[in-house]
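Based on what follows, work out the 3D shape:
(3 chains)
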Amino acid sequence: MPELLEVEQARVLIAERAVGREIAAVDAPDRWYLKRGLTPRGARTALPGHSITDARRRGKQLFLDTDRAGPVLGLHLGMSGRVVIDDEAAGDPLLYASNRDVRAWHRFTLRFADGGRLALRDPRRLGAVELDPDEDRLGVDALELTLPQLRAIVTRSRAPTKAVLMNQARIAGLGNLLVDEALWRAGIAPDRTASSLDAAEQVALHRSVRSTLRTLGRRGGSHTGDLIAARVPGGACPRDGTPLVRGTVAGRTSYWCPRHQV
DNA sequence: GATGACCTGTGA
DNA sequence: TCACAGGTCATC
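Below is the predicted model:
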């Protein structure tokens, strides 16, 4: 699923509905889903008895703080993950992923002392759960990205601009759809070498990242961009009607306008 | 850095 | 049956 906007929706849901509740038990039926040495037994040992005190996010990574010196619970939604609290999901509908609620897709569940629960539902199992994640492996959150930061990042990379924007160690939170939308808004082709952007293009890109996050956030998610409807083979640029180009950049399917994105 | 691997569901 | 999917990681 989920790029920054959907993860933020999940964070808000957790903040509103799970913070302050005490964890009574943990269901971790999928050992493969637990990362960095975490085991089902380890999760059952570390979490029950603690209450959730805060829900934080950096890029696409969620951090749930717990009280009384409990661990930080790291949740990642992968490609198809959703946070479900008391059977209510955040961030729907999800494109390219099933929105059905199948109990077998609940890869990790916190059962609260009050009888409710928080589950991570993930058909494709590409998400992850870990304890005390390293928060510094991620770069600046895309919502906080300043122009000087963006300038420094693009200047020293000869990778395609799209690859730089998607590199979570540099800028955290942007995924395939948001990046295509931001590049389209900025008039920059995804395969442009990042270091080749001039000062005006750097400004345009910074603005477009901000406007993309703000606008699509208001509309309800990464799938609400102007480019999304045209994101099909044979689609036309919503701005000038030019047939879009479809290609692979930075290993991901990309769409862009060959006329106004240069 | 580009590529393939990871895993599973959906729709043509 | 095949191609494809809003992510990340190891490997060449």
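
May I see the buried residues of stretch A:68-84?
Within stretch A:68-84, the residues that count as buried by 16 or more other CB atoms under 10 Å are A:70-71, A:73-84. The C-beta positions use only the backbone N, C-alpha and C, and glycine is treated the same way.

I'd like the average pLDDT over that stretch.
For stretch A:68-84, mean pLDDT rounds to 97.

hmm, that stretch touching DNA strand C?
Yes: applying CB under 7 Å from any atom of the strand, one finds stretch A:68-84 touching DNA strand C at A:76, A:78-79.

What of stretch A:24-39?
No: taking CB under 7 Å from any atom of the strand as the criterion, stretch A:24-39 and DNA strand C are apart, separated by no less than 8.0 Å.

What is the end-to-end distance of that stretch?
Using CA to CA, to the nearest Å, the end-to-end distance of stretch A:24-39 comes to 17 Å.

Buried ones in it, by neighbour count?
A:24, A:26-28, A:30, A:33-34, A:38.

any idea which of those is the one closest to DNA strand B?
Nearest to DNA strand B among these is residue A:30, at 8.3 Å by CB to the nearest atom of the strand.

Can you tell me the closest non-neighbouring residue to the closest one?
Of all residues not flanking residue A:30 in the chain, residue A:107 sits nearest, at 4.6 Å (CB to CB, 6 or more residues apart in numbering).

What is the neighbour count of residue A:103?
Neighbour count for residue A:103, taken as other CB atoms under 10 Å: 8.

Read off the pLDDT value for it.
92.

Then residue A:94?
Reported pLDDT at residue A:94 in the predicted model: 61.

Check residue A:90 too.
69.

My read is that residue A:113 contacts residue A:49, right?
No: applying CB atoms under 8 Å, one finds residue A:113 not in contact with residue A:49, separated by 9.1 Å.

shared neighbours of the two, anything?
Residues touching both residue A:113 and residue A:49 (CB atoms under 8 Å, 6 or more residues apart in numbering) are A:22-23.

one step back: save the buried residues of stretch A:68-84 as TSV, and put in secondary structure and distance to residue A:140 too.
Below are the buried residues of stretch A:68-84 laid out as TSV (DSSP: H, G, I helix; E, B strand; the rest coil; distance: CB to CB, whole Å):
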residue	secondary structure	distance to residue A:140
A:70	coil	28
A:71	coil	25
A:73	strand	23
A:74	strand	19
A:75	strand	21
A:76	strand	18
A:77	coil	20
A:78	coil	22
A:79	coil	23
A:80	coil	26
A:81	coil	23
A:82	strand	26
A:83	strand	24
A:84	strand	29
